[in-house]
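Enquirer: model this:
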Amino acid sequence: MTKIIVIILALVAAVPAAFGAEAAVAASSEAGVFVAGSFTGVSATPDGSIYLLGRDHRIVKLSPDGQQQSMPLPAVEGTGEDSYLCDMAAGENQLAFCGYAYSGIYVLDLNKPEKLDFIKVAVENLPVNLLMVARSGDSWCVKDADERVIQVAADGTLKHLPQYAAIETDKYGKAVIIPPPRDMGDKIVYPGNVFREDGQPLWIAPSAEAPREIMSVEYLGCDKDQRDIFMVTTASGELDAETSLFAVKHSKVVARRAIPQPTAMGVMRYCRLAPDGSVLILLADPNEREGVLIKRISLTTTQASEG
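Expert: Predicted structure coming up:
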């Protein structure tokens, strides 16, 4: 009994003062880790930590050693039930947040978690409604409710990316262009073509076996092995959607894996690429507890690329 008490005290003492410890559960297993609460976003830092953005204006950190810690975010003027932060992206010792009600990015220095810095984002001096945020080199990218993607430097300098740009940029910090579906009269056709910012072809998603059709193609980013990671959803109706991850190198598929459909309510992007090359998936708890299940899965190369 004495030994158990000593171990528990040692775990408590190891928690940083800014966070409150909740549980010690391994966060690297594909089986997933349960986290109590309602969350809108997930991201990961280069040190292997996973962060969840709570709808109640807090973040939960899942450390590589399995420690689970919760921290309230500094107050943001105007935050309420209908004006919450809806997406998050991680950088080196930083987390960035955006929300529909805020025309800008809030940045948290993890070494100084007592305040949020604000980078204003406006188009022609008019406020914008931001829905997504991503890291792009030393900058951030945001996507607003009008589907515009804007690259935001730390000093507030803005650069508009081309039309139909993905929120995530490629390994060079350049835009990845995914054209919208085409209206063919009797049906809507998603071609699955993906282009680089200069117009050069990057990849064509493989056609689905009939009667299934491609419903969406999303770019998750470039991993540490220089593979471009895509998420493709196919379906033949409203209730039979299937989603797969593709790792692409030199425009050829080198790995493919099916993943679960999104189930957690209110999550802006349920599938995110982590710096270590793993993929984070945020799902509703299958045991119907009030919380989410966070999975970290691998996408192993299964064949050599060509070219």
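Enquirer: Pull up the per-residue confidence for residue 11.
Expert: We have a pLDDT of 34 for residue 11.
Enquirer: which residues sit in contact with the spatially most central residue of the chain?
Expert: Residue closest to the average C-alpha location in the chain (CA atoms, centre = their mean): residue 272, at 3.6 Å. For residue 272, the contact set (CB atoms under 8 Å, 6 or more residues apart in numbering) comprises 42-44, 220, 279-280. Just so you know, the C-beta spots here come from the backbone N, C-alpha and C atoms, and that holds for glycine as well.
Enquirer: what about 6 Å?
Expert: 42-43, 280 (CB atoms under 6 Å, 6 or more residues apart in numbering).
Enquirer: Could I get the pLDDT score of residue 183?
Expert: Reading off the model, residue 183 has pLDDT 79.
Enquirer: Report the beta-bridge partner residues of it.
Expert: Beta-bridge partners for residue 183, by DSSP bridges, are residue 188.
Enquirer: count of neighbours near it?
Expert: By other CB atoms under 10 Å, the residues close to residue 183 number 9.
Enquirer: Report the buried residues of whichever strand or helix holds residue 68.
Expert: Following DSSP states H and E, one finds residue 68 within strand 67-72. For strand 67-72, a neighbour-count test (16 or more other CB atoms under 10 Å) marks 67-71 as buried.
Enquirer: Can you list the strands that it pairs with?
Expert: For strand 67-72, pairing defined by DSSP bridges yields strand 20-24 (antiparallel), strand 58-62 (antiparallel).
Enquirer: Put the alpha carbons of it into PDB.
Expert: Below are the C-alpha coordinates for strand 67-72, written out as PDB (Å, rounded to 0.1, in the frame of the first residue of the first chain):
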ATOM      1  CA  GLN A  67      -0.700  11.800 -18.900                       C
ATOM      2  CA  GLN A  68      -3.900  13.600 -19.500                       C
ATOM      3  CA  GLN A  69      -4.100  17.200 -18.400                       C
ATOM      4  CA  SER A  70      -6.700  20.000 -18.700                       C
ATOM      5  CA  MET A  71      -6.200  23.700 -18.700                       C
ATOM      6  CA  PRO A  72      -8.700  26.600 -19.200                       C
END
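Enquirer: Offset the numbering so it begins at 6, please.
Expert: With 6 as the first residue, the last one maps to strand 72-77.
Enquirer: Residue 229: how many residues sit nearby?
Expert: 13.
Enquirer: Please read the previous query as pertaining to residue 102.
Expert: 27.
Enquirer: for the one 10 residues further on, same thing?
Expert: The burial count assigned to residue 112 is 19, neighbours taken as other CB under 10 Å.
Enquirer: distance of it from residue 90?
Expert: As judged by CB to CB, to the nearest Å, residue 112 and residue 90 stand 12 Å apart.
Enquirer: and if you look at residue 175?
Expert: In terms of CB to CB, residue 175 sits 26 Å off from residue 90.
Enquirer: Please apply the same query to residue 102.
Expert: From residue 102 to residue 90 the distance is 4 Å (CB to CB).
Enquirer: Before I go, just wanted to say thanks for your time.
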